[in-house]
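S.K.: sequence below, structure please.
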Amino acid sequence: MSKPTPSHKLSIRIIKPQITTEGEEFSFTYMVKNIGDTIFPGGTITVEIKWPAIDERVFQPVEINGPLSPDSQSPPIKRSQAPMTAGYTTFYIHQAMATDNNPVQVFNSGGGQLWPHQGNFRIILDAVRARTHEEISQKRAVWLAAISLAILVFFEVFSLLLRIFFKISS
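M.R.: Below you'll find the model as predicted:
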């Protein structure tokens, strides 16, 4: 009777900004941890980066070099990407392979299984929202208008207090 093939268990998370700008590259870091009971010999997790608004995607291999003992973490794996469009850039696990060809399970930090997929349902690893340059300009314009209004109110109140205090007629 043969021994059952051990399954490697990994956890992956992304350290990234919450908001980026359309077309401008942003940096992020993958953190991979061995959460299984066996030594992970190394391998590759392929991350699918997708823009649902335009149904475009790219695939980014995350190489885990060398063995990871149970409860240990790989060195940070730095990457960058430019959002293709405004809206959300989403991250999914496309595939995971170990160098010893044993099965690999990948989970998010909350314990949700990302790989292998459960039927046609995929859990999102993470997402980043990309703003347009127009949205950034509009936000600056709103802040400028609010500050201008606050200054105007300050001077009007100051003028009113001066008239009341010195009984100056307008």
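S.K.: ranges for the helices of the protein?
M.R.: Remark: helices assigned in the chain by DSSP state H are 133-166.
S.K.: in it, what secondary structure element scores lowest on mean pLDDT?
M.R.: Every helix and strand of the chain was ranked by mean pLDDT, DSSP states H and E. The lowest is helix 133-166, at a mean of 79.
S.K.: what residues does the biggest strand by length in the chain touch?
M.R.: Taking DSSP state E as the criterion, the chain has its longest strand at strand 87-98. Residues outside strand 87-98 that contact it (CB atoms under 8 Å, 6 or more residues apart in numbering): 8, 10, 12, 14, 20, 40-53, 59, 81, 83, 104-106, 114-115, 122-130. Heads up, the C-betas are built off the backbone N, CA and C, glycines and all.
S.K.: per the record, what domains does the chain have?
M.R.: Split into domains by automatic domain parsing, the chain comes to 8-131, 133-170.
S.K.: could you dump those to a markdown table with mean neighbour count?
M.R.: Below are the domains of the chain laid out as a markdown table (neighbours: other CB atoms under 10 Å):
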| stretch | mean neighbour count |
| --- | --- |
| domain 8-131 | 16 |
| domain 133-170 | 10 |
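S.K.: which of those domains has the lowest average pLDDT?
M.R.: If you rank the domains of the chain by mean pLDDT, domain 133-170 sits at the bottom with a mean of 78.
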